Each structure stands twice: as structure tokens, then as C-alpha cells.
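1. predicted structure and sequence below. I'll ask about it afterward.
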Amino acid sequence: MSRPRAATLRDIDEAALALPEVTRDPASGGRPAYAVHGATFAFAREPRKDAHDPQTGEPYEDVLVFRCTAEDKEAMVGDPDSPWFTTPHWNGYNAVLLLERDLGRLTADEVREVVTDAWLVRAPKRLTRQHLESLQP
């Protein structure tokens, strides 16, 4: 039995762009943001002093942000072995953070699920209903 493949940035890109009515900014290359109907659901964040390396104090330069439900956030950041985290800046926001360098701790399937869930949180209800109905056999 083969081991699941570790996730990559390409998996995020492919998962996001496979969803209905998603735009990517910039269209290629760079540190992207993905949106549906103008609502961003996943993005690569610029360095900020609120997310920093505890060893060096330097701001992380590779933070990825994914929208989620409050329940999912609690479960994802509540596990001490999880690569997901949050910062005080994100208190009150339904989003989780992940360092690009920790992406390989997740499988491609796990990343696809998180990206899809992020899209479901931000997409218009009509569009989410249509998408979920299209997946039914």
C-alpha cells in the first residue's frame, strides 16, 4: 500500500481553481489569493509581526491563510501536533494559518479538503448548493 502524497503549493492552486467561479490574483506566479465572487477564501499572506518565528523573532514570510468555520478552526488549532495555527490578530476571524514549509505535513487530499471547505464558507449559498448537487451521483 502506498503512502499518501505530501501536499504542495500546486495542490492548493489546482484545488482552488477547480472550484466554480474562482479567481486567482495574480493570475499566475507570485503569492496568490483565491476568491469567489470577490470573497477571498485562501491566500498567501505578506510577513507581519504578529506571526513570527519563536526562535528568531523574525516575521514568518511563508504564511498561508484559509477561511473556515469556527468549529473547524477550534479543531484544527486545538491539536498540539497539528501544523495549523492562529495568532491574536486572527482572534474573532474564522481562518487558520499554515506555514508553507509545513505543507508537506499534510496530504494532497487534506489540502484539497481544506481549500474546498474554505470556498464553501465564502461562496454564495446558491453556488455552494449547485456545486454540492453536481457532486451527487
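-> Noted; the coordinates are in hand.
2. got any ranges where this structure has weak pLDDT?
-> Counting by pLDDT under 70, the chain shows low-confidence ranges at 1-3.
3. residue nearest the centroid of it?
-> By CA atoms, centre = their mean, the chain has its centre lying nearest to F66, at 3.0 Å.
4. show me the contacts for the residue lying closest to that residue once chain neighbours are set aside.
-> In this structure, F66 finds its nearest non-sequential neighbour in A118, 4.5 Å apart by CB to CB, 6 or more residues apart in numbering. For every residue, glycine as well, the C-beta is placed using N, CA and C. Taking CB atoms under 8 Å, 6 or more residues apart in numbering, we find A118 in contact with 41-42, 66-68.
5. now, which of these sits nearest P54?
-> Top of the list for closeness to P54, among the contacts of A118 and by CB to CB, is F66 at 21.8 Å.
6. which strand residues sit across from that closest one in the sheet?
-> A42, V96 (DSSP bridges).
7. N94 is in contact with that one, correct?
-> No. Using CB atoms under 8 Å, F66 is not in contact with N94, being 9.9 Å away.
8. coming back round to it: make sure the residue nearest to F66 is indeed in a helix.
-> Yes. Checked against DSSP: H, G, I helix; E, B strand; the rest coil, A118 lies within a helix.
9. name the residues of stretch 85-96 that come out as buried.
-> The neighbour-count check on stretch 85-96 (16 or more other CB atoms under 10 Å) flags 85-86, 90, 94-96 as buried.
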